[in-house]
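S.K.: my questions concern the predicted model and sequence given below.
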Amino acid sequence: MARAANMQALTSDIKRQWPGVTVYGIGDEAHKARASDHNEDDTAGSKAAQSDPDGRAEHRAIDIMIGKAFTKADADALVARILADPKARGRLYGVIWHGSQWWRSNGWARQSRTSDPHNDHIHFSGLAADDENTATWPAVAVKRAPTSSVEDDMTAKASSIIEAWGVGDPSVEPVKWRQRDEAYQAEDVAWRKRTDATLAAVLAAAKGLNTQQILARIDQVAAAESERDAALAELVRASQSGELTAEQVLAKLRDLLPAQG
Ligand SMILES: [Ca+2]
Ligand SMILES: [Ca+2]
Ligand SMILES: [Zn+2]
């Protein structure tokens, strides 16, 4: 009696990701009455959904129970990640979760499941051909969203400032902006490069800003008044000398880049 290594690897990865989660394998009495991957193959009288010719009794289905350690939101996200990952799907025979089921035999199209909807657990059936696949299941790992930080906050603030500056006047149509951009470029490429370099220095000084994104925005409206250049240079000097904090640099930048209209 054993769980196929493929599904043991999935079990281990899930338990590592959600310590305390309950995972069942071998089926209960109800399962024994019908074909199920919870029933072991190579076992007299056992109704396994899949069997292989290796002579070893194996079950290939696991049930991941919803509970404190593994919430419905966790389950929703896990199923989505698994189904979205061709490698993960390739190791599976079927998935049942919360009124839906996806089967290899059906090309992994979602089908609704009204009877026995599996609202309190995910059912994963492993593919018999992958029994010996001991590789990890990268799709299990929760991809952490970027952590909220001072830097992220600063980037968001700077983006909104630039946004307000660049597109602050909704009456200015995109085409007009594009025409203006082209004219500006023809006018004074060297000036723009100098301004861009100055701005890049300012933004690099203001730690955590998305310099590329901001420069792209600035590039669109690059040829503003040349006196701004001097003000920015002063801002660079003040930030590099430590006279201004990153927050103060942002505040000054806001003043230098007033919203249109
Ligand atoms: Ca077997
Ligand atoms: Ca096997
Ligand atoms: Zn099950």
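M.R.: Great, that's in hand. Ligands and ions are numbered 1, 2, ... in the order given.

S.K.: any regions of the stretch 101-250 of the chain where pLDDT drops low?
M.R.: Applying pLDDT under 70 to the stretch 101-250 of the chain picks out residues 144-197, 199-200, 203-227, 229.

S.K.: which residue does it have closest to ligand 3?
M.R.: Closest approach of the stretch 101-250 of the chain to ligand 3 (CB to the ion) occurs at His123, with a separation of 3.4 Å. From N, CA and C alone the C-beta is placed, and that goes for glycine too.

S.K.: which strands and helices sit next to the strand or helix carrying that residue?
M.R.: For His123, the enclosing helix or strand under DSSP states H and E is strand 121-126. Where contact means 3 or more CB pairs under 8 Å, 6 or more residues apart in numbering; DSSP states H and E, strand 121-126 is packed against helix 5-17, strand 61-65, helix 72-84, strand 92-97.

S.K.: so does the last one get close to ligand 3?
M.R.: No - Strand 92-97 stays out of contact with ligand 3 when judged by CB under 5 Å from the ion, the minimum separation being 6.8 Å.

S.K.: do that strand and ligand 2 meet?
M.R.: No - legend: contact between strand 92-97 and ligand 2 by CB under 5 Å from the ion is lacking; minimum distance shown is 12.9 Å.

S.K.: could you list the paired strands of that strand along with their orientation?
M.R.: Paired strands of strand 92-97, with direction, are strand 100-103 (antiparallel), strand 121-126 (antiparallel) (DSSP bridges).

S.K.: that one to strand 61-65, inter-axis angle?
M.R.: Between the axis of strand 92-97 and that of strand 61-65 there is an angle of 30 degrees, by axes from the mean of the first three to the mean of the last three CA atoms, to 10 degrees.

S.K.: can you list contacts of strand 92-97?
M.R.: Contact partners of strand 92-97, identified using CB atoms under 8 Å, 6 or more residues apart in numbering, comprise 37, 49-50, 60, 75-76, 79, 82-83, 101-104, 113, 118, 122-128.

S.K.: if you set the cut-off to 7 Å instead, what comes out?
M.R.: Counting contacts by CB atoms under 7 Å, 6 or more residues apart in numbering, the residues outside strand 92-97 that touch it are 37, 50, 60, 75, 79, 82-83, 101-104, 113, 118, 122-127.

S.K.: please indicate which of the residues you listed are buried?
M.R.: Among these, those scoring as buried are 37, 50, 60, 75, 79, 82-83, 101-103, 118, 122-127 (criterion: 16 or more other CB atoms under 10 Å).

S.K.: mind checking how far Gly242 is from ligand 2?
M.R.: When distances are taken as CB to the ion, to the nearest Å, Gly242 and ligand 2 turn out to be 67 Å apart.

S.K.: would that residue count as being in a strand?
M.R.: No - going by DSSP: H, G, I helix; E, B strand; the rest coil, the assignment for Gly242 is coil, not a strand.

S.K.: what about it, how many neighbours?
M.R.: 7 (other CB atoms under 10 Å).

S.K.: for it, phi and psi?
M.R.: Note on Gly242: its backbone torsions stand at phi 90, psi 0 [degrees, to the nearest 10].

S.K.: rewinding a little: tell me the contacts of the residue of the stretch 101-250 of the chain closest to ligand 3?
M.R.: With contact taken as CB under 7 Å, 6+ apart, His123 is in contact with Ala61, Asp63, Val95, Ile96.
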